[in-house]
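Participant: Build me a model from this:
(chains A and B)
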Amino acid sequence: MNSPHLKMPSFSHSVRDEAAGSKVFPTKPASLITSGSGNSMDQLFRGALLLSAVSVLAIVVLIVSQLYLQSRLSIHQFGWSFFKGQNWDPVAGDFGALPFIFGTLVSSMLALAIAVPLGVGVAIFMNEMCPRPLRNVFSYLVELLAAIPSVIYGLWGIFVLVPLMRQFIEPFLAKHFGWTGLFTGPMYGIGMLPASVILAIMIVPFISSITREVMLAVPSPQREAALALGATRWEMLRIGVLRNARVGIMGGIVLALGRALGETMAVTMLIGNRAEIAKSLFAPGYTMASVIANEFSEATENLYLSALVEIGLALFLVTVIVNIFAQGLIWSITRGNTARSH
Amino acid sequence: MNASYIGIRRYLVNHLATALSWLAAALVLVPLLAIFGYLVYRGFGSLDWAFFTQIPKPVGESGGGMANAIVGSAFILLIASCIGVPLGVGSGIYLAEYGRGRFGHLVRFTADVLNGIPSIVMGIAIYALVVIRQKHFSAFAGGLALGIMMVPTIARATEGMLLMVPQALREAALGLGIPKWRTTISIALRTASAGIITGIMLAFARVAGETAPLLFTAFGNSFWNMDPTQPTAALPLQIFVFAISPYEEWHRKAWAGALVLVVLIVAAVTSVRIVASRGVLKGSH
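Facilitator: Now for the predicted structure:
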């Protein structure tokens, strides 16, 4: 494209301009006077931009108000007991969301427990240990891991991870760790454990990219000071980098938690979708997001639909709070340099 | 450093930490390679010409393809881009050029909130907003859900890129008497265009694989549909339906569809990376 950037816009020749201009600066060439029409175009331009910025606000307000309106019926009917009830019985019209809240929390926490050491380890590897030529390749691969759609993780989970769980991993865990009570009962392959594992794989890239970023934000004199005092590489990382970056790393972890809480497809395909609270991680569970995904289009009763939307509203509020908290933590380290997710 | 100099415990801990970080890297690569390897293995085995040209056959009949889902996805993504790109770029320009005050911070904060909304919740919200009113599922509703999800990514990318454009360029243009709007479009936006397009492609790649927001909006369809007011098939939706079905033939189709989807997304992410590595500002090198 070679359109001349600096050419005067043609509308600057409008009659109004010349009239307004000639009054004040009679000698000024008309073609240079753009303030009149330029100003009104500026107003228009700014107005259009303002409109799109306002629409971002409007969209969020609309989403919240729609979720509230659609869930009013259930909110009025059940009140706070909605979040304490264990019964989910669409036929009897009795709805309690506790099994879903339990499933969401357990799967997300378990996923974090697996993903945090991995994610932080990968970040340390990429920033400090990785041979330079490999660094780009590795960060590209981790980026790909973040780009795979949820439904494909679910597909892979059903056909690879679940048989693997059923035949090898779950029998192994039952044999050696069955005494904890967490690994007992029939081994279906699907259930809380594979859902958490797939969630963990999905959130590792988030944790590692933000950890890398906050580690890079630590001023290098911190490292140099530690090295000068005779620290080994690990001691330098622990004292000079990780200690300074820990708030930001926490932020990355909380951000990953927000992702895990709302993750739908892969979890729905692997968790088994049974609304009960079980101690064993082999048992099928259900999450807030997956009950919506599975039952929303079947919900014909108004109350049923309303109860599902209320779960959505609760999920929305929780993820918003978690995300705001995470942004605050990350911001306190990177000081306003927006944390990028890639 | 050797063990005798720093002490055996510190020496061991240092090497243990190094080994653990290598292990973490290896453990993360394993699922990635396993997913891609299995995807290529199963996907290529199931891909054929009919996959791209035919619509799904009923259960029990072999053959058929996902042509309607591929076209449906393209259609929904076109609608999404028509909504998400102007809104995202527009609010990004606003934030960069006018958004220093309190209102700008409010918009930035809201964009972050919008970015964090779980995709399934976006699906219900659009269902309540559009589908209940129209009284049926539609491609438009699906496109709207995905379009809204593109907005925060594009807005923040646009803002970031515009802020990287040197202020002196704008001042030079303004000093020549060019009005602010023209300066923004012809100087700032053009200089930042490569970076902004990168952001748009990332947002596009992100929503292209989204399934959850389409469940109750576009809904899916076993036949051709090019009417924006009617339910429409989409590739991720079709993969989901086929994956959870009990039929071997449909599983094969799901793998083929997954391979096509992943190839498209990887291509987008890779080209973004290539563009970004060359510098996102025009004339910056």
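Participant: going forward, measure contacts and count neighbours with C-alpha atoms only.
Facilitator: OK.
Participant: Walk me through the domains of chain A.
Facilitator: A:18-75, A:81-338 (automatic domain parsing).
Participant: tell me the most buried of those domains?
Facilitator: When you average the neighbours per residue for each of the domains of chain A (mean count of other C-alpha atoms under 10 Å in any protein chain shown), domain A:81-338 leads with a mean of 20.
Participant: which helices and strands does the helix or strand encompassing residue B:87 pack with?
Facilitator: Following DSSP states H and E, one finds residue B:87 within helix B:67-98. Here helix B:67-98 touches helix A:35-78, helix B:49-53, helix B:102-116, helix B:139-164, helix B:193-208, helix B:235-243, going by 3 or more C-alpha pairs under 8 Å, 6 or more residues apart in numbering or on different chains; DSSP states H and E.
Participant: taking the mean pLDDT, what do you get for the second one?
Facilitator: By that I understand helix B:49-53. Averaging pLDDT along helix B:49-53 yields 88.
Participant: Check which helices and strands it is in contact with.
Facilitator: In terms of contacts (3+ C-alpha pairs under 8 Å, 6+ apart), helix B:49-53 is packed against helix B:67-98.
Participant: to the chain's geometric centre, what's the distance from the helix it packs on?
Facilitator: Helix B:67-98 has its C-alpha centroid displaced from the chain centroid by 11 Å (C-alpha atoms, centre = their mean, to the nearest Å).
Participant: Equivalent analysis for stretch A:80-99, please.
Facilitator: For stretch A:80-99 - counting by C-alpha atoms, centre = their mean - the centre lies 27 Å from the chain centre.
Participant: Kindly check the end-to-end length of that stretch for me.
Facilitator: Terminal residues of stretch A:80-99 are spaced 15 Å apart (C-alpha to C-alpha, to the nearest Å).
Participant: Quick one: mean pLDDT over it.
Facilitator: If you average the pLDDT over stretch A:80-99, you get 91.
Participant: One more: stretch B:75-82?
Facilitator: In this model, stretch B:75-82 carries a mean pLDDT of 96.
Participant: same deal with stretch A:206-220?
Facilitator: 90.
Participant: List the buried residues in stretch B:171-191.
Facilitator: Buried positions in stretch B:171-191, judged by neighbour count with 16 or more other C-alpha atoms under 10 Å in any protein chain shown: B:173-174, B:177-184, B:186-191.
Participant: likewise stretch B:6-14?
Facilitator: B:10-11, B:14.
Participant: can you narrow those to ones near chain A?
Facilitator: When contact is defined as C-alpha under 8 Å from any C-alpha of the partner chain, the buried residues of stretch B:6-14 meet chain A at B:10-11, B:14.
Participant: and residue B:217, that one's in a helix?
Facilitator: No. Secondary structure of residue B:217 (DSSP: H, G, I helix; E, B strand; the rest coil): coil, not part of a helix.
Participant: How many neighbouring residues does it have?
Facilitator: Number of residues near residue B:217 (other C-alpha atoms under 10 Å in any protein chain shown) recorded here: 30.
Participant: what's it sitting at in phi/psi?
Facilitator: phi -120, psi -70 (degrees, to the nearest 10).
Participant: Name the nearest residue to the closest residue to chain B within the stretch 151-300 of chain A, sequence neighbours excluded.
Facilitator: Closest residue of the stretch 151-300 of chain A to chain B, C-alpha to the nearest C-alpha: residue A:262 (4.7 Å). Spatial nearest neighbour of residue A:262, excluding adjacent residues (C-alpha to C-alpha, 6 or more residues apart in numbering or on different chains): residue B:118 at 4.7 Å.
Participant: how far away is residue B:15 from chain A?
Facilitator: Relative to chain A, residue B:15 is positioned 8 Å away (C-alpha to the nearest C-alpha, to the nearest Å).
Participant: right, and the residue nearest to residue A:262 touches residue A:316 too?
Facilitator: Yes. Using C-alpha atoms under 8 Å as the test, residue B:118 is close enough to residue A:316 to be in contact (6.9 Å).
Participant: for the stretch 1-150 of chain A, what are the low-confidence residue spans?
Facilitator: Applying pLDDT under 70 to the stretch 1-150 of chain A flags residues A:1-38.
Participant: Mind pulling the model confidence for residue B:273?
Facilitator: Residue B:273 is assigned a pLDDT of 86 by the prediction.
Participant: quick one: what helix or strand has it in it?
Facilitator: Going by DSSP H and E, residue B:273 is part of helix B:248-277.
Participant: Just the buried positions in that helix, please.
Facilitator: B:249-262, B:265-266, B:268-269, B:272.
Participant: same check, this time on stretch B:101-115
Facilitator: B:104, B:107-108, B:110-115.
Participant: separation between residue B:208 and chain A?
Facilitator: Distance, residue B:208 to chain A, by C-alpha to the nearest C-alpha: 8 Å.
Participant: Per-residue pLDDT of that residue, please?
Facilitator: Residue-level pLDDT assigned to residue B:208 equals 94.
Participant: and the nearest residue to it once chain neighbours are set aside, how many neighbours?
Facilitator: Residue nearest to residue B:208 in three dimensions, not counting chain neighbours: residue B:77, with 7.0 Å by C-alpha to C-alpha, 6+ apart. Residue B:77 has 24 neighbours, counted by other C-alpha under 10 Å.
Participant: and residue B:241, what does it touch?
Facilitator: By C-alpha atoms under 8 Å, 6 or more residues apart in numbering or on different chains, the contact list for residue B:241 is empty.
Participant: who in the stretch 151-300 of chain A is up against chain B?
Facilitator: Counting by C-alpha under 8 Å from any C-alpha, the stretch 151-300 of chain A comes close to chain B at A:151-153, A:155-156, A:201, A:204, A:232-235, A:258-259, A:262-265, A:269, A:289, A:292-293, A:296-297.
Participant: So which of the residues you listed are in helices?
Facilitator: A:151-153, A:155-156, A:201, A:204, A:233-235, A:258-259, A:262, A:265, A:269, A:289, A:292-293 (DSSP state H).
Participant: for the stretch 201-342 of chain A, what are the low-confidence residue spans?
Facilitator: Scanning the stretch 201-342 of chain A with the threshold set as pLDDT under 70 gives A:335-342.
Participant: cutoff 80 now
Facilitator: A:332-342 (pLDDT under 80).
Participant: Over to the stretch 51-200 of chain B?
Facilitator: Residues of the stretch 51-200 of chain B that meet the criterion pLDDT under 80 lie in B:59-62.
Participant: follow-up on the earlier one: reformat the buried residues of stretch B:101-115 as TSV; add distance to residue B:30.
Facilitator: Formatted as TSV, the buried residues of stretch B:101-115 follow (distance: C-alpha to C-alpha, whole Å):
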residue	distance to residue B:30
B:104	43
B:107	40
B:108	37
B:110	37
B:111	35
B:112	32
B:113	33
B:114	33
B:115	29
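Participant: Also within reach of chain A: list those from these.
Facilitator: B:107, B:110-111, B:113-114.
Participant: Of all residues in chain A, which one is nearest the centre?
Facilitator: Note on chain A: the residue nearest the mean C-alpha position is residue A:259, at 3.4 Å, using C-alpha atoms, centre = their mean.
Participant: Looks like that one contacts residue A:204 (just checking).
Facilitator: No. With contacts counted by C-alpha under 8 Å, residue A:259 stays clear of residue A:204, the gap being 10.8 Å.
Participant: So which residues on the stretch 151-285 of chain B come close to chain A?
Facilitator: Contacts of the stretch 151-285 of chain B with chain A, taken as C-alpha under 8 Å from any C-alpha, map to B:151, B:173, B:176-181, B:186-187, B:205-206, B:209-212, B:215-216, B:236, B:239-240, B:243-244, B:254-255, B:258, B:262, B:265-266, B:269.
Participant: isn't residue A:188 right up against residue A:282?
Facilitator: Yes. Between residue A:188 and residue A:282 there is a contact at 7.3 Å, judged by C-alpha under 8 Å.
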